[in-house]
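**Student:** Below: sequence and its predicted model.
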Amino acid sequence: MKSIELAALEGLIYSASGWRKVFSPKKKHYLQDHDTLFLFFAMTAFLQNHEQSRTESRTEGRAESRAETKKATKTEKDSSKRLLVAIASDSRKTSPALVSLAEYAVRKQGQKPAFLGVVPIPAALAYTKEKADLLVYITASHNPEEYNGIKFCGGNGEILNATLSKKIFDQSIRMLRQTSYDPDALLADIRKKQSFRSLADLQNAVTVQRKEDLYRCYARTIEQGSLRGLPAVKEAFLQKISVFRKESGIVPSVLWDSNGGTRSGKMDAELLQRYGIGLKKYLHD
């Protein structure tokens with residue numbers, strides 16, 4: 001019989017941008033036990049690593065000169081709060097189980113989860129940058145439908161860099177190898193506290209206020225631009241669109257192929273229409 005570690009790592013696609021795997025080979029909605037344990041420890045390592053960073057920042061703050069006392073006090077105050085961890089996903093079958101697992105890990109560490117539902121990662125990152133401390137995003141990106149995965153993102157609205165991702169990966173393996181926990185008892189507790197069974201459950205967990213905040217954060221990111229020089233490019237593009245409309249009398253449209261992605265079209269449609277751009281959606285197998 002394979003060890004839990006070997007079974008969990010078999011078939012895993014690991015990279016700094018995300019960890020991906022076929023967690024349910026028979027295309028079911030549930031996770032295999034070894035994957036559940038590995039991902040629980042991965043999420044735990046992610047949270048603990050951030051907590052360690054906050055503690056180190058607080059210690060450094062205390063050691064600063066009197067001229068920096070005010071700044072140090074703020075750092076200590078911020079470090080005493082519970083983390084607000086945003087959790088979002090795409091629409092794959094195992095997403096409800098993975099979001100439930102993320103919630104379990106967050107609560108187990110004494111932190112607070114913030115459910116964003118099934119949303120595109122740019123929107124989730126925009127929300128995290130303004131409103132949350134961390135983001136756990138469930139997706140397998142471009143991989144086939146049977147895959148799923150996880151991305152760990154910081155409060156700066158960016159996916160963790162390769163160094164931090166590797167640190168979390170190594171720590172989760174060490175946790176998996178420890179003998180101080182009972183795998184059966186942990187799995188039973190995780191199953192007992194699973195909050196989400198369907199994609200509808202994920203969407204229903206998002207409050208109206210959070211939906212509004214999510215939209216506003218995403219809209220600001222798109223409109224203001226998150227990259228240097230992007231606002232100027234945006235304005236130049238919109239100016240060309242405006243001139244084209246006036247000269248041709250044609251409303252520019254975007255042909256969008258979502259390819260089974262997370263976007264429902266609502267956010268993107270509203271933003272595009274605000275700039276006078278039509279959105280054409282076609283459904284296909």
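**Tutor:** On my side now, so go ahead.

**Student:** so what's R210 up against?
**Tutor:** 114-116 (Cβ atoms under 8 Å, 6 or more residues apart in numbering). C-beta here means a position set from N, CA and C on the backbone, and glycine is covered the same way.

**Student:** Return the closest of those residues with respect to G149.
**Tutor:** G149 has its nearest neighbour among the contacts of R210 in L116, at 17.0 Å by Cβ to Cβ.

**Student:** isn't there a helix covering the closest one?
**Tutor:** No: assessed with DSSP: H, G, I helix; E, B strand; the rest coil, L116 is strand; it does not lie in a helix.

**Student:** Check whether it really touches K131, as I assumed.
**Tutor:** No: if you go by Cβ atoms under 8 Å, L116 and K131 don't touch, sitting 9.8 Å apart.

**Student:** if we can go back for a sec, could the contacts of R210 be laid out in a markdown table, adding distance to N49 and neighbour count?
**Tutor:** A markdown table is the format used below for the contacts of R210 (distance: Cβ to Cβ, whole Å; neighbours: other Cβ atoms under 10 Å):
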| residue | distance to N49 | neighbour count |
| --- | --- | --- |
| A114 | 19 | 24 |
| F115 | 22 | 21 |
| L116 | 22 | 27 |
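
**Student:** of all those, which comes closest to Q171?
**Tutor:** Taking those together and measuring to Q171 by Cβ to Cβ, the closest member is A114, at 23.8 Å.

**Student:** what secondary structure does the nearest residue to that closest one once chain neighbours are set aside sit in?
**Tutor:** Distance criterion Cβ to Cβ, 6 or more residues apart in numbering; nearest residue to A114, sequence neighbours excluded, is A86 at 4.8 Å. Following three-state DSSP, A86 is assigned to strand.

**Student:** May I have the secondary structure class of the residue most central in space within the chain?
**Tutor:** Taking Cα atoms, centre = their mean, the centroid of the chain lies closest to Y137, which sits 2.3 Å from it. Recorded secondary structure, Y137: strand (three-state DSSP).

**Student:** Tell me the confidence at it?
**Tutor:** We note a pLDDT of 97 for Y137 in this prediction.

**Student:** what residues are up against the nearest residue to it once chain neighbours are set aside?
**Tutor:** In space, and not counting its chain neighbours, Y137 is closest to K151: 4.3 Å by Cβ to Cβ, 6+ apart. Going by Cβ under 8 Å, 6+ apart, K151 touches 17-18, 121, 135-139, 159.

**Student:** Equivalent analysis for S24, please.
**Tutor:** 30-32, 93-94, 146 are the contacts of S24 under Cβ under 8 Å, 6+ apart.

**Student:** Now do the domain split for this structure, please.
**Tutor:** 4-215, 229-281 (automatic domain parsing).

**Student:** Between those, which one is closest to T221.
**Tutor:** domain 4-215 (4.0 Å).

**Student:** Next, please give the residue ranges for the helices of the stretch 101-250 of the chain.
**Tutor:** 121-131, 162-177, 183-192, 199-204, 208-224, 230-248 (DSSP state H, counting those that start in this stretch).

**Student:** so who does the residue nearest to the centre of the chain touch?
**Tutor:** 87-89, 121, 124-125, 150-151, 153.

**Student:** For H50, see how far away it is.
**Tutor:** Distance from Y137 to H50, counting by Cβ to Cβ, to the nearest Å: 15 Å.

**Student:** before we move on, back to that, I'd say the residue nearest to A114 and T128 touch.
**Tutor:** Yes: contact criterion Cβ under 8 Å: A86 and T128 qualify, at 4.9 Å.

**Student:** Need the residues touching each of these two.
**Tutor:** 134-135.

**Student:** State the number of residues packed around the nearest residue to T94 once chain neighbours are set aside.
**Tutor:** Nearest residue to T94, sequence neighbours excluded (Cβ to Cβ, 6+ apart): N148, at 4.6 Å. By the criterion of other Cβ atoms under 10 Å, N148 has 26 neighbours.

**Student:** No more questions from me, cheers.
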